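**Q** Everything below, folded, please.
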Amino acid sequence: MKKEALHCIDVQQFNHNFLEEICDLADKIREISRTKAGMEYLASILNHKRAMLYFVQPSTRTFLSFYSACQMLGIKCAEVRDPKTSSEIKGESEEDTVRTFSLYFDLIIMRHPRANFAEKIANLLNDTDHPVPVINAGSGKDQHPTQALLDIYTLRRSFLHRGGIAGKQIAFVGDLRRGRTARSLALLLTQFQGVKLYFVAPSEYQMGQDILSFLDHQKTAYEITDDFEKVIPAVDAIYMTRLQDEWDREEGISVDIDIERFSFQKRHLDLLKADGIIMHPLPRRQEIAVEVDSDPRAAYWRQVRNGMYIRVALIAGIFQRDKKILDYYLANT
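**A** You can find the predicted model right below:
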């Protein structure tokens, strides 16, 4: 029977045990990579593999994070970041383009403006005689599963001294309806007991009913509000997001929002818990004042670093090299 490739498409495929295991693996990769010998070992694990980074939607952090993760594992990378440089300009379908990549490469990492496109490609490749793993690096306004993984990893490391993520209160602020990072993380947080979520946004950009219905089904507590300053003292983590007005033209809307009401200013540090954290998937605009960056509770730059390690762990797991990493860790640290 033909073996299907392992894919990373959406957060619903992750359970609590997987989250704990991949975070533990990322921690061990972090430790291994502190030495030259450790880096050389990591770079030998998958140095016979090749990856295509098919990013046809603007990206800096996610692209470089995946590129760096592949480099750490010795994977050779190629990239397509503009469909005008491919045969799509000649009328070739995107599906045919990616199927062609699958014949040259062992892994396809893709960011695409169309929701569910990564899932469609994964299913298409499973039906071929050369299936390769597909990682969804962001799909439309829908999901961003690896961002959610790095966000969970950041929350876990931040609250390790306080019993982990279980029982924490987390606020999501900004454009939640179209923010795939906030949507994905909200779904994933249902894997932790006693978590309560606060959705802080103007009504036009409040969290979608599909996410709220999922939370109801999972019996995860949440509160909807537009009063940011009231929420700040109550929560352990604040997940800021930017206004995603690049979707306005497609949706045919124009909303005048008082961004100041949904931004984190220096004065808000006095309201935040002493061991609370501020997160942001980046890029940011005016959602967080630059004066906040120097506060130890500003976790968004740590998020970026964490993203590389969790993606190394994910790719190693997809190619079933996680046990080799664990064995090396036990023997050398």
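
**Q** in terms of contact, does L6 touch V132 like I think?
**A** No. Counting by Cβ atoms under 8 Å, L6 does not reach V132; the two are 9.9 Å apart. Heads up, the C-betas are built off the backbone N, CA and C, glycines and all.

**Q** Looking at these two, which has the bigger crowd around it?
**A** With neighbours defined as other Cβ atoms under 10 Å, L6 and V132 compare such that V132 has more, 24 against 17.

**Q** From Q265, how far out is the residue lying closest to that one once chain neighbours are set aside?
**A** Using Cβ to Cβ, 6 or more residues apart in numbering and skipping residues adjacent in sequence, the residue nearest V132 is S102, 4.8 Å away. According to Cβ to Cβ, to the nearest Å, S102 and Q265 sit 48 Å apart.

**Q** Helices of the stretch 101-250 of the chain, start to end?
**A** 117-126, 145-158, 180-188, 209-218, 228-231, 248-251 (DSSP state H, counting those that start in this stretch).

**Q** can you list contacts of the third one?
**A** Under the criterion Cβ atoms under 8 Å, 6 or more residues apart in numbering, residues 10-12, 14, 19, 138-145, 147-149, 151-152, 172, 174, 176, 197, 207-208, 211, 214-215, 239, 241, 281 lie in contact with helix 180-188.

**Q** for the residue nearest to V132, what are its contacts?
**A** Here S102 is in contact with I108, L125, T128, H130, P131, V132 (Cβ under 8 Å, 6+ apart).

**Q** who's in contact with stretch 308-325?
**A** Counting by Cβ under 8 Å, 6+ apart, 6, 8, 21-23, 25-30, 32-33, 42, 45-46, 49, 65-66, 68-70, 72-73, 75, 107, 133, 135, 146, 149-150, 153 sit against stretch 308-325.

**Q** cutoff 7 Å now
**A** With Cβ atoms under 7 Å, 6 or more residues apart in numbering as the test, stretch 308-325 has contacts from 6, 8, 22, 25-26, 28-30, 32, 45-46, 49, 65-66, 68-70, 72-73, 133, 146, 149-150, 153.

**Q** ok, and the closest non-adjacent residue to T190?
**A** Q218 (4.0 Å).

**Q** related to what we said a few turns ago, of the helices of the stretch 101-250 of the chain, which is nearest R297?
**A** helix 145-158 (9.0 Å; Cβ to Cβ).

**Q** just checking, what packs against that closest one?
**A** With contacts taken as 3 or more Cβ pairs under 7 Å, 6 or more residues apart in numbering; DSSP states H and E, helix 145-158 sits against helix 16-32, strand 134-139, helix 180-188, strand 277-279, helix 300-318.

**Q** So for the longest one, mean pLDDT?
**A** With pLDDT averaged residue by residue, helix 300-318 scores 96.

**Q** Could you pull out the buried residues of it?
**A** 300, 302-304, 306-318 (16 or more other Cβ atoms under 10 Å).

**Q** give me the element E79 is part of.
**A** Following DSSP states H and E, one finds E79 within strand 76-80.
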